[in-house]
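Trainee: just coords:
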């Protein structure tokens, strides 16, 4: 796995979440013998911590309230509710945990599958909230491998009016981070790990296999 310093040296723009709990839980998820139920639970738990990281600079405004003891000016989130956009199907594994942390968020879905021959993303579904241009958009997908799906999803969201976006994933490959940076330099990446490389089939090495299959117990 690459460190934040190695990413910086290579000119790869991504924020690496190195919290000990994230690293521990991710190690458990990599085990090929882990049951789907445990995989889903761990992904949900890691997504809470990823959500805290990607939203740590949300703008606040002050509001007058009354506690049981006294009135006060207290901070609340400013502006329109943010939106989580899940890249189907595996993105829903991160989405559930994100909504645990911010249940009032709006939710959208972009359906993409990877053509097995070209590895290019093909869209089959698109449904997102209104007023995308006024919201912080957080796009979620567990894996950033070739980045073809993520690049296509973000481009589609930009066409729909989104201007302020961030991308969150569990594991990345250096090739995917580089491709995403080049395609969308205005969209930051938050990830729990950047592994060594992609294999000939476009899978992250060492990775954890196909996230969608492991979430839903399919092969």
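Mentor: Right, received. Where do you want to start? None of the values given here were measured: they were computed from a predicted structure.
Trainee: gap between the nearest residue to residue 10 once chain neighbours are set aside and residue 147?
Mentor: Spatial nearest neighbour of residue 10, excluding adjacent residues (CB to CB, 6 or more residues apart in numbering): residue 174 at 6.8 Å. All C-beta atoms are positioned from the backbone trio N, CA, C, and that covers glycine. As judged by CB to CB, to the nearest Å, residue 174 and residue 147 stand 11 Å apart.
Trainee: can you give me the strands in this protein?
Mentor: Here the chain has its strands, by DSSP state E, at 15-16, 60-66, 71-77, 83-88, 106-114, 121-127, 136-140, 143-144, 164-172, 188-194, 197-198, 204-205.
Trainee: just how off-centre is the first one within its chain?
Mentor: Read that as strand 15-16. Its chain's C-alpha centre and that of strand 15-16 lie 12 Å apart, by CA atoms, centre = their mean, to the nearest Å.
Trainee: residues contacting the residue nearest the centre of the chain?
Mentor: Residue closest to the average C-alpha location in the chain (CA atoms, centre = their mean): residue 168, at 2.1 Å. Residue 168 sits next to 47, 50-51, 54, 94, 98, 138-141, 189-191 when contact means CB atoms under 8 Å, 6 or more residues apart in numbering.
Trainee: bridge partners for it, pull those for me.
Mentor: For residue 168, the beta-bridge partners are residue 140, residue 190 (DSSP bridges).
Trainee: returning to what we had before: if you count what's nearby, which of residue 174 and residue 147 comes out ahead?
Mentor: More crowded of residue 174 and residue 147, by other CB atoms under 10 Å: residue 147, with 27 against 20.
Trainee: if I look at the more buried one, how far off is residue 176?
Mentor: Taken as CB to CB, the span from residue 147 to residue 176 is 4 Å.
Trainee: show me the contact partners of the longest helix anywhere in the chain.
Mentor: Longest helix in the chain, counting residues (DSSP state H): helix 36-54. Residues outside helix 36-54 that contact it (CB under 8 Å, 6+ apart): 15, 17, 19, 21-22, 25-26, 28-29, 34, 93-98, 100-102, 138, 140, 142, 166, 168, 170, 190, 192, 211, 214-217.
Trainee: go with 6 Å
Mentor: Helix 36-54 is touched from outside by 17, 19, 22, 25, 28-29, 93-94, 96-98, 101, 138, 166, 168, 190, 214-215, 217, with contacts defined as CB atoms under 6 Å, 6 or more residues apart in numbering.
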